[in-house]
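> curious how this folds, go ahead:
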Amino acid sequence: MKKIVRVSEKDLTKILKKLIKEEESSNNERYMFFSNLEQIQRQAGLLLDLNHDQVVEILDNGHDWAQDHIATAKESIDQAFDFLMNETKSFHKMGDELGTGPKQEIPMIGNGQND
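Residues are numbered from 1 along each chain as shown. From the prediction side, this is the model:
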């Protein structure tokens, strides 16, 4: 037996808005993942474009906390990178394309300090 429920247009609108909000909320986490990666990429590029001597001077004048934050961020990104590359097997494919094979490390950029 079917039950007929009468819903006002106002109530139907509220229900639909709630469902849409829930759907957007569940997709928002993934959107933010990629949005955050894009922001990291933009900001890293801008930081790398700064005058290196000027940045070193700033860091040397009592603002070495900034270097610590970059090191911590790099460590966090390394962990997510390694996990996702292993899960997607892209790390192994990338190694093959570079001719290094999957068991060799890909060289890191930098001077090796605070990496």
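
> who does the helix or strand hosting residue 37 touch, helix- and strand-wise?
Under the criterion of DSSP states H and E, residue 37 resides in helix 9-49. Applying 3 or more C-beta pairs under 8 Å, 6 or more residues apart in numbering; DSSP states H and E, we find helix 9-49 packed against no helix or strand. In this view, the C-beta of every residue, glycine as well, is placed from N, C-alpha and C.

> give me the mean pLDDT for that helix.
Averaging pLDDT along helix 9-49 yields 85.

> what's in contact with the helix or strand immediately after it in the chain?
Using DSSP H and E, the helix or strand that follows helix 9-49 in sequence is helix 52-60. Contacts with helix 52-60, where a contact means C-beta atoms under 8 Å, 6 or more residues apart in numbering, come from 47, 66-67.

> who wins on neighbours among those?
Comparing the contacts of helix 52-60 by number of neighbours (other C-beta atoms under 10 Å), residue 67 comes first, having 14 neighbours.

> Three-state assignment for that one, please.
Here residue 67 is recorded as helix under DSSP: H, G, I helix; E, B strand; the rest coil.

> local confidence estimate at the residue lying closest to it once chain neighbours are set aside?
Nearest in space to residue 67, with sequence neighbours left out and distances taken as C-beta to C-beta, 6 or more residues apart in numbering, is residue 59 at 5.6 Å. For residue 59, the model assigns a pLDDT of 96.

> repeat that for residue 53.
Confidence score, pLDDT, at residue 53: 97.

> how far does stretch 84-93 sit from its chain's centre?
Counting by C-alpha atoms, centre = their mean, to the nearest Å, stretch 84-93 is centred 16 Å from the centre of its parent chain.
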